[in-house]
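Participant: Give me coordinates for this.
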Amino acid sequence: MTEKPHDFVFETKHWEVYLNPDQYYLGRCVVSVKRDVGAMSDLTNEEWLDFAELSRKIEKGFKEKFGATMFNWTCLMNNAYQEENPHPWVHWHMRPRYKNPVQFAGRKFEDKEFGHHYARQTEQTVTPEVFSKVVEEIKSFLEK
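Facilitator: Numbers count the residues shown, from 1 in each chain. Below is the predicted model of the structure:
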């Protein structure tokens, strides 16, 4: 078995979940399809159904464990087209949004733009210890 990177959180038959290093939104993740797929229209019905089930688990868990209010899901592959020979890969950026501040692992996370588009330029890194605790907390509800 290949060892997963430190930001790996969970996988299904068709998708992998990784914690984003930017934790401005507590639990911000990237959900990536496992096979080489360059357009959403090329996803199979089975991949779509698997994604639907995974997104339900993610949203339910984030609401219960962290108190997330709602979620911003974006599928942006613009960076792939900055290359001369683009190789897009279908993936989703999932940003949980919080109406109220959240205390987790000794840190206060506050969504100052709640109710507005997500912050594009704001970045908040956390210590490796806090990052690991966020990964473990998300794993605890996705592995159920």
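Participant: how many neighbours does the residue nearest to residue 75 when sequence neighbours are not counted have?
Facilitator: Among residues not flanking residue 75 along the chain, residue 92 sits closest, at 5.2 Å (Cβ to Cβ, 6 or more residues apart in numbering). Glycine gets a C-beta too; all of them are placed from N, C-alpha and C. In terms of burial, residue 92 registers 20 neighbours under the definition other Cβ atoms under 10 Å.
Participant: Which of the three states applies to residue 92?
Facilitator: The local conformation at residue 92, judged by DSSP: H, G, I helix; E, B strand; the rest coil, is strand.
Participant: Tell me the bridge partners for it.
Facilitator: Beta-bridge partners recorded for residue 92 (DSSP bridges): residue 31.
Participant: what's the answer for residue 73, then?
Facilitator: The bridge-partner assignment for residue 73, based on DSSP bridges, gives residue 94.
Participant: mind checking pLDDT for the residue nearest to residue 75?
Facilitator: Here, the pLDDT recorded for residue 92 equals 97.
Participant: give the contact list for the residue nearest to residue 117 when sequence neighbours are not counted.
Facilitator: In space, not counting the residues next to it along the chain, residue 117 is nearest to residue 72; the distance is 8.0 Å by Cβ to Cβ, 6+ apart. Residue 72 makes contacts with 93-95, 97, 117-118, as judged by Cβ atoms under 8 Å, 6 or more residues apart in numbering.
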